[in-house]
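Asker: Provided below are the primary sequence and the corresponding predicted coordinates.
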Amino acid sequence: MNPESTHDTTRIDDTRIGAVRPLITPALLLEDLPAPEAAQALVEESRAAISRVLHGADDRLIVVVGPCSIHDHDQAMEYARRLKSEADALSNELLIVMRVYFEKPRTTVGWKGYINDPHLDGSFAINEGLRVARRLLLDVLNVGLPVGCEFLDLLSPQFISDLVSWGAIGARTTESQSHRQLASGLSCPVGFKNGTDGGVKVAADAIVAARSPHAFMGMTKMGLSAIFETRGNDDCHVILRGGKVPNYANADVEAACALLKASGLREQVMIDVSHANSSKQHARQIVVAEDVARQIAAGDHRITGLMIESHLEEGRQDIVAGQPLKPGVSITDACISFEQTVPVLRGLADAVRSRRGG
């Protein structure tokens, strides 16, 4: 017997893997939870509408608003129903997309989101997480709202991206070549956040990369490894989210647009009023949004959208074993309440009307 044919590689392979568990295939999940015709139509129409805004054919403002992260289906649906009422009332001025984030990048460690740990207890029931995440997206679409997600894991889009109207690549992953390649093949518009240090050049470079064709390895909906060849995505844009200092002021928009122009890209930005732009003080989102609204009202068409972290109730809370969570309160970043959100949305709609009047 050839000794090499039975060579033991366990001493050098998977030495830090504690377990390998089966993963449902995207095709099985999509068969169990298919997108009905009405949901498909809403996704298609809202993607096209967002694209028109990005290409200057629609002067509405894109507003991606909702919880920092989803951790409870019923609370998310209560938020969706309330948001739908405002979205309908302000539809002439605002194109409202509900923020439905399932994956949370962590600076060190912590709860990684609804897909990774839907029971919030470290049980990592990922198959169940994928199922409840897709079911929630279908329910929000059934209410009549398009949804926006952050794409963090490179495999999860195969399970849910057919239901997503707008996607984000976060500040920690904007520089990742894998995420730029992913964006080049996504069917929805994608926003790249500036780097955590506030640098916009990394996001501009990401757009240039995502507009181009790529070839990379991935997983098909049947769960098979494959080589994907993309056509490129011309519906990408920059999101200003601050860095070492905030970057939402008029001078910051000017600087970002000058950099984009130098890269041969459209001079347009979306502004995230949370994160570093609010100095991690959730209530300051209201102040930042008011400043951005004044810029819009003064006639700035380069601001094509805003992001707002908002939940049913104000603030945040920690997950503590044995203690019930307060309903409607974020378990990741602190949010403003829905009651506080309504006047912000109406102020942005007024700003769009003023911009039209100018």
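Answerer: In hand now; what should we look at?

Asker: Now do the strands in the stretch 151-300 of the chain.
Answerer: Ranges of strands in the stretch 151-300 of the chain, per DSSP state E, counting those that start in this stretch, are 166-169, 190-193, 215-219, 225-229, 236-240, 269-272.

Asker: now the second one: mean pLDDT?
Answerer: Per-residue pLDDT values over strand 190-193 give a mean of 98.

Asker: Note down every partner strand of that strand and its orientation.
Answerer: strand 166-169 (parallel), strand 236-240 (parallel) (DSSP bridges).

Asker: Including distance to residue 127 and mean neighbour count, could the strands of the stretch 151-300 of the chain go into a markdown table?
Answerer: Where C-beta positions appear, they are placed from N, C-alpha and C, glycine not excepted. Output for these, formatted as a markdown table (distance: least, Cβ to Cβ, whole Å; neighbours: other Cβ atoms under 10 Å):
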| stretch | distance to residue 127 | mean neighbour count |
| --- | --- | --- |
| strand 166-169 | 23 | 26 |
| strand 190-193 | 27 | 28 |
| strand 215-219 | 15 | 14 |
| strand 225-229 | 19 | 11 |
| strand 236-240 | 31 | 26 |
| strand 269-272 | 32 | 27 |
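
Asker: Can you convert those strands into CSV and add a column each for distance to residue 123?
Answerer: Compiled in CSV, the strands of the stretch 151-300 of the chain are given as follows (distance: least, Cβ to Cβ, whole Å):
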stretch, distance to residue 123
strand 166-169, 27
strand 190-193, 30
strand 215-219, 24
strand 225-229, 28
strand 236-240, 33
strand 269-272, 32
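
Asker: between the ones you listed, which gets nearest to residue 149?
Answerer: strand 166-169 (5.8 Å; Cβ to Cβ).

Asker: What average pLDDT does that closest one get?
Answerer: So the average pLDDT for strand 166-169 ends up being 98.

Asker: out of the strands of the stretch 151-300 of the chain, nearest to residue 50?
Answerer: strand 166-169 (5.6 Å).

Asker: Using PDB, list the CA coordinates for that closest one.
Answerer: Taking C-alpha atoms only, strand 166-169 is exported to PDB below (Å, rounded to 0.1, in the frame of the first residue of the first chain):
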ATOM      1  CA  TRP A 166     -30.900  48.800  -1.700                       C
ATOM      2  CA  GLY A 167     -27.700  47.500  -0.100                       C
ATOM      3  CA  ALA A 168     -24.900  48.900   1.900                       C
ATOM      4  CA  ILE A 169     -21.300  48.000   2.300                       C
END
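
Asker: Other residues contacting it?
Answerer: 46-47, 50, 62, 64, 97, 146-151, 161, 176, 179-180, 182-183, 186, 188-193, 206, 239, 307 (Cβ atoms under 8 Å, 6 or more residues apart in numbering).

Asker: before we move on, back to that, reformat the strands paired with strand 190-193 as JSON lines; add distance to residue 247.
Answerer: Output for the strands paired with strand 190-193, formatted as JSON lines (distance: least, Cβ to Cβ, whole Å):
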{"stretch": "strand 166-169", "distance to residue 247": "17"}
{"stretch": "strand 236-240", "distance to residue 247": "5"}
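
Asker: which ones are touching residue 345?
Answerer: Contacts of residue 345 by Cβ under 8 Å, 6+ apart are 63, 65, 86, 90, 94, 96.

Asker: what pLDDT, on average, does whatever helix or strand it lives in get?
Answerer: Element membership for residue 345 (DSSP states H and E) is helix 338-357. The predicted model assigns helix 338-357 a mean pLDDT of 98.

Asker: Buried ones from the contacts of strand 166-169, can you make that a PyMOL selection?
Answerer: Applying 16 or more other Cβ atoms under 10 Å to the contacts of strand 166-169, the buried members can be selected in PyMOL as follows:
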select buried, resi 46+47+50+62+64+97+146+147+148+149+150+151+161+179+180+182+183+186+188+189+190+191+192+193+206+239+307
